[in-house]
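Trainee: Below is the structure, and that's it, no one-letter string:
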Ligand SMILES: Cc1cc2nc3c(=O)[nH]c(=O)nc-3n(C[C@H](O)[C@H](O)[C@H](O)COP(=O)(O)O)c2cc1C
C-alpha cells in the first residue's frame with residue numbers, strides 16, 4: 001500500500017499506478033479545493049478569497065468558512081477523476097486527516113467523507129487524529145458497510161480508544177495502519193521521545209492485543225520500511241501488508257516538483273529534522289532546508305484556511321501576530337516557531353519526508369550533471385515485491 005501524502009504529493013497518477021499493479025494507492029483530500037483548481041481548472045480558491053477579501057488584514061479569522069456544497073464538489077472532482085481512470089485489480093483509498101479542521105471540524109469532515117464515498121472511493125484511511133467520532137458522521141451513508149475504512153494509529157492505546165468509541169456502530173475497521181516514528185508527514189509521538197519508539201515493538205503489541213480479543217483485523221505497519229526484505233520481515237510476524245511512502249517521493253508520478261525531488265535524493269541524514277513548526281501541534285519530519293521554515297508570510301486563511309480550528313484560530317496566526325507586534329512597520333517578519341502550513345504545502349515549500357530519505361540516493365544512478373535519475377512508481381513497486389536480501393534494484397535493471 002502506498003501511503004497518503006498530503007496536498008497532492010501522492011497524486012492520482014501515483015495511486016493509479018499502485019492500483020494497476022495490484023496494490024492499494026492513496027490520494028489525499030488535504031486542501032482538496034486548491035488541488036481541484038490546479039488539476040481540474042476550477043476556481044474554488046479564488047472564489048473563497050473574493051468572498052472574504054475584506055478580512056485579509058484582520059487577525060480574527062472566525063468568519064472565514066468553507067461553503068460545504070463547494071467542498072463536496074471539489075472532493076467529488078478529485079476522487080472522481082481517480083476512480084474513473086482506475087484500471088487493474090488494486091484499490092484507491094483517500095487519506096483523511098482529522099487535523100484539517102477547516103473552521104467547522106464536524107461539518108467539513110462529514111462532507112469530505114460522504115462525498116468521497118459518493119464519488120466511488122474504494123476506501124478511506126482516517127489519519128492525523130484519534131477519529132473518535134468520524135465514523136458516526138457517516139453511519140447512515142449507503143456505502144458505510146461496503147467501502148473499506150481504516151485508521152492510522154501509533155500506539156495500542158490510540159487503537160483501543162478508537163475501537164471502544166466506535167463499538168456501538170457495529171462496524172470494525174477493515175484495516176489498521178500502525179505508523180512508527182520513522183514515517184514522513186506528522187508523527188503520532190512527542191518531539192522529545194519519538195526516537196525511543198520502535199515500529200516493530202508497537203506492531204507486535206497490537207497483533208497480540210487483537211489476537212487476545214479475537215479481532216481479525218489486518219494490520220499494516222508503516223514508517224521506515226525501505227526494502228522488500230523489510231516488508232517481508234513484517235509479513236512474517238503477522239502483518240497483512242505494509243504501507244510505504246518515502247521511496248515513492250522519488251518517482252515520476254509523485255507530485256513534488258522535479259527540483260524538490262532532487263533535494264530529497266541529495267539529502268544526508270543530518271539534513272533531516274523533526275520539528276514543531278506545524279500549527280497542528282504534532283511534530284513533523286522534514287528537510288532542514290525547507291523554504292517553509294522561518295517564512296513569516298501573512299496568514300492566507302481567506303484563500304485556504306484548512307487548519308483553522310472550530311473557533312477560527314490557528315497557531316501560525318498567533319505566532320505571526322506576535323512577530324508583527326514586535327516589529328511594527330516591518331515589510332516582512334521571520335516566524336521561526338510555526339509555519340503557514342497551508343501556503344507551504346500548496347507551494348511545495350515544506351519538504352516533509354521520512355527518516356530514510358537520506359537513503360534514496362542509493363536507489364538510483366547519479367547522472368553526469370550531478371542530478372539523480374528519476375524512478376518510476378512501477379519500478380519501486382516491483383522492487384518492494386521482488387527484491388531479496390535487503391538489496392535494492394537500480395533503474396534500468398528489469399525486476400521480475
Ligand atoms: C512526503 C510525505 C508526506 C506525507 N503526508 C501524509 C499525509 O498527508 N497524511 C498521512 O496520514 N500520512 C502522510 N505521510 C505518511 C505516509 O503516508 C506513510 O505512512 C509513511 O511515510 C510511511 O513511511 P515511509 O515513508 O518510511 O515509507 C507522508 C509521508 C511522506 C513521505
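Mentor: Yep, that arrived. Here the structure is a predicted model, which is why all the values come from computation and not from measurement.

Trainee: Residues in a beta bridge with residue 2, which ones?
Mentor: residue 244 (DSSP bridges).

Trainee: Would you check that my belief about it contacting residue 10 is correct?
Mentor: Yes. Contact criterion C-beta atoms under 8 Å: residue 2 and residue 10 qualify, at 6.4 Å. C-beta: built from backbone N, CA, C; applies to glycine.

Trainee: so what sits against both of the two?
Mentor: Common contacts of residue 2 and residue 10 (C-beta atoms under 8 Å, 6 or more residues apart in numbering): 25, 26, 245, 248.

Trainee: The ligand: which of these is nearest?
Mentor: residue 245 (3.5 Å; C-beta to the nearest ligand atom).

Trainee: The closest one against residue 3, yeah?
Mentor: Yes. Counting by C-beta under 8 Å, residue 3 is a contact partner of residue 245 at 4.0 Å.

Trainee: which one of residue 2 and residue 10 has more residues nearby?
Mentor: Per other C-beta atoms under 10 Å, whichever of residue 2 and residue 10 has more neighbours is residue 2, with 30 against 27.

Trainee: per-residue confidence at the more buried one?
Mentor: We note a pLDDT of 98 for residue 2 in this prediction.

Trainee: Quick check: nearest residue in space to the closest residue to the ligand within the stretch 251-400 of the chain, chain neighbours excluded?
Mentor: Minimum separation of the stretch 251-400 of the chain from the ligand (C-beta to the nearest ligand atom) falls at residue 354, amounting to 3.1 Å. Distances taken as C-beta to C-beta, 6 or more residues apart in numbering put residue 246 closest to residue 354, at 3.4 Å, once the chain neighbours are dropped.

Trainee: Assumed residue 102 was part of a strand.
Mentor: No. Residue 102: not assigned to a strand; according to DSSP: H, G, I helix; E, B strand; the rest coil it is coil.

Trainee: low-scoring stretches of the stretch 251-400 of the chain, by residue?
Mentor: The model of the stretch 251-400 of the chain has pLDDT under 70 over residues 397-400.

Trainee: Quick one: the strands in it, in order.
Mentor: 272-275, 284-287, 294-296, 333-335 (DSSP state E, counting those that start in this stretch).

Trainee: okay, the ones you listed in CSV with distance to the ligand and mean neighbour count next?
Mentor: Listed next are the strands of the stretch 251-400 of the chain as CSV, based on distance: least, C-beta to the nearest ligand atom, whole Å; neighbours: other C-beta atoms under 10 Å:
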stretch, distance to the ligand, mean neighbour count
strand 272-275, 11, 17
strand 284-287, 8, 23
strand 294-296, 18, 17
strand 333-335, 22, 17
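
Trainee: I figured the residue nearest to residue 354 was touching residue 352, is that so?
Mentor: No. Applying C-beta under 8 Å, one finds residue 246 not in contact with residue 352, separated by 10.1 Å.

Trainee: Next, residue 250: phi, psi?
Mentor: phi -100, psi 30 (degrees, to the nearest 10).

Trainee: And for it, the neighbour number?
Mentor: Residues near residue 250, counting by other C-beta under 10 Å: 23.

Trainee: Which residue lies closest in space to it, excluding its sequence neighbours?
Mentor: residue 360 (4.9 Å).

Trainee: and that neighbour, what does it touch?
Mentor: 246, 247, 249, 250, 264, 265, 267, 372.

Trainee: hmm, try it at 10 Å
Mentor: 226, 246-247, 249-250, 261, 264-267, 353-354, 372, 375, 392 (C-beta atoms under 10 Å, 6 or more residues apart in numbering).

Trainee: still on that earlier bit, could you measure the residue nearest to residue 354 against residue 70, distance?
Mentor: Going from residue 246 to residue 70 by C-beta to C-beta, to the nearest Å gives 33 Å.

Trainee: sorry, back to before: pick out whichever of residue 245 and residue 3 has more residues nearby.
Mentor: Neighbour tally, residue 245 and residue 3, criterion other C-beta under 10 Å: the higher count belongs to residue 3, 29 against 24.

Trainee: which of the contacts of residue 360 has the most neighbours?
Mentor: residue 353 (29 neighbours).

Trainee: Contact partners for it?
Mentor: Per C-beta under 10 Å, 6+ apart, neighbours of residue 353: 5, 9, 183-185, 245-246, 249, 256, 260, 263-264, 267, 271-272, 284-287, 290, 360.

Trainee: Wait, residue 72 touches residue 112, no?
Mentor: Yes. Counting by C-beta atoms under 10 Å, residue 112 is a contact partner of residue 72 at 8.4 Å.

Trainee: okay, and the common contacts of those two?
Mentor: Common neighbours of residue 72 and residue 112 (C-beta under 10 Å, 6+ apart) are residue 32.

Trainee: Alright, I will stop here.
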